[in-house]
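Participant: starting from these lines, generate the structure:
(chains A, B, C and D)
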There are 2 protein chains.
Amino acid sequence: MDGDTREKIREVALELFSTRGFDQTSLREIAERVGLTKASLYYHYPSKQALLTAIVAPLVEGWQSITEIAENMPHTPANVREVLARTLDVMLRNRALAGIFLRDPAGVVAAAGTLWEDMIDMGARLTSWLAGPAPTMAERLRAIAAMEVLGAALSSVTYLKEEVSDEEMREVLLDSAIGALRL
Amino acid sequence: MDGDTREKIREVALELFSTRGFDQTSLREIAERVGLTKASLYYHYPSKQALLTAIVAPLVEGWQSITEIAENMPHTPANVREVLARTLDVMLRNRALAGIFLRDPAGVVAAAGTLWEDMIDMGARLTSWLAGPAPTMAERLRAIAAMEVLGAALSSVTYLKEEVSDEEMREVLLDSAIGALRL
DNA sequence: GTCTATAGTGGGATAGAC
DNA sequence: GTCTATCCCACTATAGAC
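Facilitator: This is a model prediction of the structure:
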């Protein structure tokens, strides 16, 4: 079962990257947990960077699609709400993945510069759409603030010991983000 | 001038840690920019970790004092506003420093575990105070969201090319954080 | 597909001369 | 206080047997 091994590797790597950080995680650690040797990892992924890329790519894609959708919508209150909701969904769906970026942005940048720049770019475009056409500085700051509120979906893991359902997060944070926008 | 060298080292290290990340910054790089050799750094700071600690300590202290002040206040709307304003001030005063945590949390954790746990602890206590006594889950999520909005003071650097004055940030973000709280 | 063994690199840190 | 020289270690990555 070849695909299984590859998948197991990605799973373990995701777990370790997102808790210890990318740089702090060695291939030896990953190999140990999977039950292989380091060398065998290289059979499945040609480099540590390739492994990271394989794990992270889906998030970048989700992010891209939502950005494109947003940019083809007129900036109305209803659409703002819609875009915020979709963005929140992407974040919730990729909660584990996001830990990688939260733990070690610098390591990710160094290893996968282009991917990272894509993420930054998407974030900037989404934020800029949220701010509306010809925004004032205050509007731009509030747009950033609203995006940060959605980010709370991720960082909340640090502060909350109990599990929170996706539904509750969706509801409360969407409302809170709109509050931050001061619409 | 001994103190000057130490200060220069801290300055350069702060600059590099907060742009490249802690782990990604080698002592050789720091030494080069300061105009010294690696070995000479060790005369001034006994380890890379000690250097990090020296740089970061002031922020932790500011954070601690504000937490203690908050916890001795009754949870009224006016006090909530006051605490948010003070927290925002601490963040704005330490904008450069914050980059260290944003770039490479994992590296900082690994190097300065205790300090980091202090920060997490303060964050948790402040957030918990903000949520009010016997809070519902929604109130706790909104408190986290409000704190994230203040964090926008820091991450905004990534998105905004122009400079924003501290005054404008203070005004807009405080208002936005209160919006996120849904008071 | 997995292993053992090892090359090659770069980092933090130390010894000791000046 | 600063230097040169060096140690030691952990890591990524590769070579080649099975």
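
Participant: so is stretch A:32-45 next to DNA strand C?
Facilitator: Yes: using C-beta under 7 Å from any atom of the strand, stretch A:32-45 reaches DNA strand C at A:35-40, A:43-44. Every residue, glycine included, has its C-beta placed from N, CA and C.

Participant: DNA strand D next: which of those are close?
Facilitator: Among these, DNA strand D is touched by A:38-39 when using C-beta under 7 Å from any atom of the strand.

Participant: any idea which of the residues of stretch A:32-45 next to DNA strand C is closest to B:Arg86?
Facilitator: Top of the list for closeness to B:Arg86, among the residues of stretch A:32-45 next to DNA strand C and by C-beta to C-beta, is A:Lys38 at 49.5 Å.

Participant: contact partners for the closest one?
Facilitator: Listed by C-beta atoms under 8 Å, 6 or more residues apart in numbering or on different chains, the contact set of A:Lys38 reads A:27-28, A:31.

Participant: show me the residues you listed that map onto strands.
Facilitator: Per DSSP state E, strands hold no members of the contacts of A:Lys38.

Participant: the helix or strand bottoming out on mean pLDDT in chain A vs DNA strand D: in contact?
Facilitator: Every helix and strand of chain A was ranked by mean pLDDT, DSSP states H and E. The lowest is helix A:95-103, at a mean of 85. No: shown here: helix A:95-103 not in contact with DNA strand D (C-beta under 7 Å from any atom of the strand), separated by at least 14.3 Å.

Participant: which elements pack onto whichever helix or strand comes after that helix?
Facilitator: Next helix or strand after helix A:95-103 toward the C-terminus (DSSP states H and E): helix A:105-111. If you count contacts as 3 or more C-beta pairs under 8 Å, 6 or more residues apart in numbering or on different chains; DSSP states H and E, helix A:105-111 packs onto helix A:48-71, helix A:113-131, helix B:95-103, helix B:105-111.

Participant: hmm, who's touching helix A:105-111?
Facilitator: Contacts for helix A:105-111 (C-beta under 8 Å, 6+ apart): A:21-24, A:48-49, A:52, A:56, A:100-101, A:115-116, B:20-24, B:102-104, B:106-107.

Participant: which stretches of chain A have low pLDDT?
Facilitator: Low-confidence segments of chain A (pLDDT under 70): A:1-2.

Participant: and the closest residue to A:Asn79 other than its chain neighbours, which of the three is it?
Facilitator: Leaving aside its sequence neighbours, A:Asn79 sits nearest to A:Met73 (C-beta to C-beta, 6 or more residues apart in numbering or on different chains; 4.5 Å). Using DSSP: H, G, I helix; E, B strand; the rest coil, the structure places A:Met73 in coil.

Participant: buried among the contacts of helix A:105-111? Make that a ChimeraX selection.
Facilitator: Here is the ChimeraX command that selects only those of these that count as buried (16 or more other C-beta atoms under 10 Å in any protein chain shown):
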select /A:21,22,23,24,48,49,52,56,100,101,115,116 /B:20,21,22,23,24,102,103,104,106,107
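
Participant: would you turn the helices and strands packed on helix A:105-111 into a markdown table with distance to B:Asp121?
Facilitator: Shown next, in a markdown table, are the helices and strands packed on helix A:105-111 (distance: least, C-beta to C-beta, whole Å):
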| stretch | distance to B:Asp121 |
| --- | --- |
| helix A:48-71 | 30 |
| helix A:113-131 | 29 |
| helix B:95-103 | 14 |
| helix B:105-111 | 13 |
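
Participant: among the ones you listed, which is nearest A:Leu154?
Facilitator: Using C-beta to C-beta, the helices and strands packed on helix A:105-111 put helix A:48-71 closest to A:Leu154, at 11.5 Å.

Participant: ok, is the closest one in contact with DNA strand D or not?
Facilitator: Yes: Helix A:48-71 is in contact with DNA strand D by C-beta under 7 Å from any atom of the strand, via A:48-49.

Participant: save the helices and strands packed on helix A:105-111 as TSV, and put in distance to DNA strand C too.
Facilitator: Formatted as TSV, the helices and strands packed on helix A:105-111 follow (distance: least, C-beta to the nearest atom of the strand, whole Å):
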stretch	distance to DNA strand C
helix A:48-71	12
helix A:113-131	17
helix B:95-103	14
helix B:105-111	9
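
Participant: of these, flag the one that's most buried.
Facilitator: For the helices and strands packed on helix A:105-111, the largest average neighbour count (mean count of other C-beta atoms under 10 Å in any protein chain shown) is found in helix B:105-111, namely a mean of 22.

Participant: so is it next to DNA strand D?
Facilitator: No: taking C-beta under 7 Å from any atom of the strand as the criterion, helix B:105-111 and DNA strand D are apart, separated by no less than 10.9 Å.

Participant: now that helix, how far from the centre of its chain.
Facilitator: Mean-position distance between helix B:105-111 and its chain equals 14 Å (C-alpha atoms, centre = their mean, to the nearest Å).

Participant: could I get it in CSV with only the CA atoms?
Facilitator: C-alpha atoms of helix B:105-111 as CSV (Å, rounded to 0.1, in the frame of the first residue of the first chain):
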residue,chain,number,x,y,z
PRO,B,105,6.6,31.6,17.8
ALA,B,106,7.9,28.1,17.8
GLY,B,107,11.5,29.2,17.9
VAL,B,108,10.9,31.5,20.7
VAL,B,109,9.0,28.9,22.7
ALA,B,110,11.9,26.5,22.2
ALA,B,111,14.5,29.0,23.3
